[in-house]
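Student: sharing a sequence plus its predicted fold:
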Amino acid sequence: MQLTHPFAALGPAFSRPAELLPLQDPRLASWNDSAAALLGWQGGPPADFLEFINGERGLPHAPVASLYAGHQFGVWVPQLGDGRAAILGQVDSAENGPWELQVKGGGPTPFSRGGDGRAVLRSTIREYLGSEAVHGLNIASTRALALVDSSTPVWREQQETAALLVRLCPTHVRFGTFEVLASRGQTQELKTLADFVIENFYRDCLAAEQPYLAFYQAVIGRTAELVAGWMAQGFAHGVLNTDNMSILGVTLDYGPFAFMDAYEPGFICNHSDHHGRYAFDRQPAIALWNLSCLGSALLALVERGAAEEALRQFPAQYTRSFRRRMGAKLGLATVDERDWALVEQLLSIMARQRADYARTFRLLSRRATHDSLAGLFAGDTEFARWLAAYRERTAGVANAEATALAHNPKYLLRNYMAQIAIERAERGDYRDIERLLRLVQAPFAEHPDAQEYFQSPPAWAAGLQLSCSS
Ligand code: AMP
Ligand code: MG
């Protein structure tokens, strides 16, 4: 594998060597051609891929675990770092720029804090499919390249088996990477990190009068877009600690995430989130809070007043993006105040009815399916009135159906679907992973062989509980 490792080259203030500890009987359970294409890799994994990522063959550069800190559930933790992830290096693709390769679950690192450095098959499948599902919905995300299963036992609440996820991101730097340096007063290193990120990923900022301020503004803008994408598609991240916030504004670190089935604004997907800090509808406010932590970490580089002013732009940026996306879900290219009132009325009816979020919007996308939708809301006069007003609003709108169909997925990675794939994979059958991968990578398309996934989730799905234990 042809790799460079510019992040490791920044030095020991940013990362430490992390050896990959091989798993027993490694098997490539899934390979994602679409992510591989980003690297310019065609025709399956490169020679000896499994040996490289399982630590059985030496790589061009020693893998490293990155150092970061973070606010976890609002509480400052001065040192976290990659406890079970190792960055192998970077593929410099001529067409698609740099992509860091990271292995998650490769064994303990200097930052494991007593953990085993492993990832169980269950959580690895969820991240593998979840990240591709988010990307498939045109929301920025880390990408998943490969999933490796093994027979190495690991203990969580019960015995499970260890797996590896190979994920891709231009850089895995997080808000917490900045926070750790700022908290230690390492201003020179903080500047080195900011320069590294700006020169590689925010080049436009170099031309600005105040490049560090422009960088902070750009991160705020990307994060606003990101969260608006989540909110429009019913995605709850579940653990929005500052160490899980990507400096590139991509969805990072999939744990107890969920796409909502029934619409419930206060939906909590993380069973360990007792106070609902990371409830679905709190995500914009939490993103703002996290951005303020990033701003505090940048105060050696950005003047406080300017940073505060930049942060004050977040709510308007978020709202603009969210309204545009919700308008598109209704088939509208522009959204005025009356249109926005339509969106809000619909959401309030859906919340009252606990309507299935994705299914409702998909059935709304085509006039031909409005009857089925009306059937789901039978007897709800408020909905009947709303639907009539909506049909009138969109009657003459060119491309309304095409716009709506392009923004309302037919298929989602619902928790129960991942759960079925997990149970089969635990018995050595990976075919569902392949099937779901193809489905979630093209969620707006029709998949005649997957109609059962357009139905409401089965009753047993309501009892599924997800925690951070992964
Ligand atoms: P996460 O909730 O996956 O974002 O992880 C939070 C922190 O705990 C990160 O620093 C992880 O690297 C670390 N961590 C999670 N699971 C393990 C594990 N099994 N072994 C070592 N560190 C872990
Ligand atoms: Mg994390």
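Tutor: Nice, thanks for sending it over. Numbers count the residues shown, from 1 in each chain. Ligands and ions are numbered 1, 2, ... in the order given.

Student: show me the contact partners of the helix or strand Leu288 falls within.
Tutor: Assigned by DSSP states H and E, Leu288 falls within helix 283-297. By Cβ atoms under 8 Å, 6 or more residues apart in numbering, the surrounding residues in contact with helix 283-297 are 71, 175, 178-179, 181-183, 190, 216, 219-220, 223-224, 226-228, 230-231, 236-237, 240, 242, 245, 277-278, 302, 307-308, 310-311, 314-315, 318, 322. Bear in mind the C-beta positions are built from the backbone N, C-alpha and C, glycine included.

Student: please repeat the previous calculation with a cut-off of 7 Å.
Tutor: With contact meaning Cβ atoms under 7 Å, 6 or more residues apart in numbering, helix 283-297 is reached by 71, 175, 178-179, 182, 216, 219-220, 223, 227, 230-231, 237, 240, 242, 245, 278, 307, 311, 314, 318.

Student: in the stretch 151-300 of the chain, what residue lies closest to ligand 2?
Tutor: Ranking the residues of the stretch 151-300 of the chain by distance to ligand 2 (Cβ to the ion) places Asp253 first, at 3.7 Å.

Student: and the helix holding Leu288, what's its mean pLDDT?
Tutor: Mean pLDDT, helix 283-297: 98.

Student: ok, back up a step: I figured the residue of the stretch 151-300 of the chain closest to ligand 2 hits Ser246, correct?
Tutor: No - look at Asp253 against Ser246 with Cβ atoms under 7 Å: they stay out of range, at 8.6 Å.

Student: end to end, how far does stretch 109-120 reach?
Tutor: 17 Å (Cα to Cα, to the nearest Å).

Student: is ligand 2 within reach of it?
Tutor: No - judged by Cβ under 5 Å from the ion, stretch 109-120 and ligand 2 are separated, with a smallest distance of 11.2 Å.

Student: quick one: mean pLDDT over that stretch.
Tutor: In this model, stretch 109-120 carries a mean pLDDT of 97.

Student: how about it, does it get close to ligand 1?
Tutor: Yes - Stretch 109-120 lies within reach of ligand 1 by Cβ under 6 Å from any ligand atom, at 112, 115-118.

Student: tell me the residues of the stretch 201-350 of the chain that contact ligand 2?
Tutor: Counting by Cβ under 5 Å from the ion, the residues of the stretch 201-350 of the chain near ligand 2 are 244, 253.

Student: please redo it, this time with the cut-off set to 6 Å
Tutor: 243-244, 253 (Cβ under 6 Å from the ion).

Student: can you redo these as CSV with secondary structure?
Tutor: What follows is those, written out as CSV (DSSP: H, G, I helix; E, B strand; the rest coil):
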residue, secondary structure
Asp243, helix
Asn244, helix
Asp253, coil
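
Student: just those now: which is nearest Leu80?
Tutor: Nearest to Leu80, judged by Cβ to Cβ, of these is Asp243 at 5.2 Å.

Student: near ligand 1, anything from stretch 229-242?
Tutor: Yes - contact of stretch 229-242 with ligand 1 (Cβ under 6 Å from any ligand atom) involves Val239.

Student: state the mean pLDDT of that stretch.
Tutor: Rounded mean pLDDT across stretch 229-242 is 98.

Student: quick one: end-to-end distance for that stretch.
Tutor: Using Cα to Cα, one end of stretch 229-242 lies 19 Å from the other.

Student: spatially nearest residue to the closest residue to ligand 1 within the stretch 101-250 of the chain, not counting backbone neighbours?
Tutor: Relative to ligand 1, the nearest point of the stretch 101-250 of the chain is Gly115 (2.4 Å; Cβ to the nearest ligand atom). Closest residue to Gly115 apart from its sequence neighbours, by Cβ to Cβ, 6 or more residues apart in numbering: Gly83 at 5.1 Å.

Student: doesn't Gly114 make contact with that neighbour?
Tutor: No - using Cβ under 7 Å, Gly83 is not in contact with Gly114, being 8.9 Å away.
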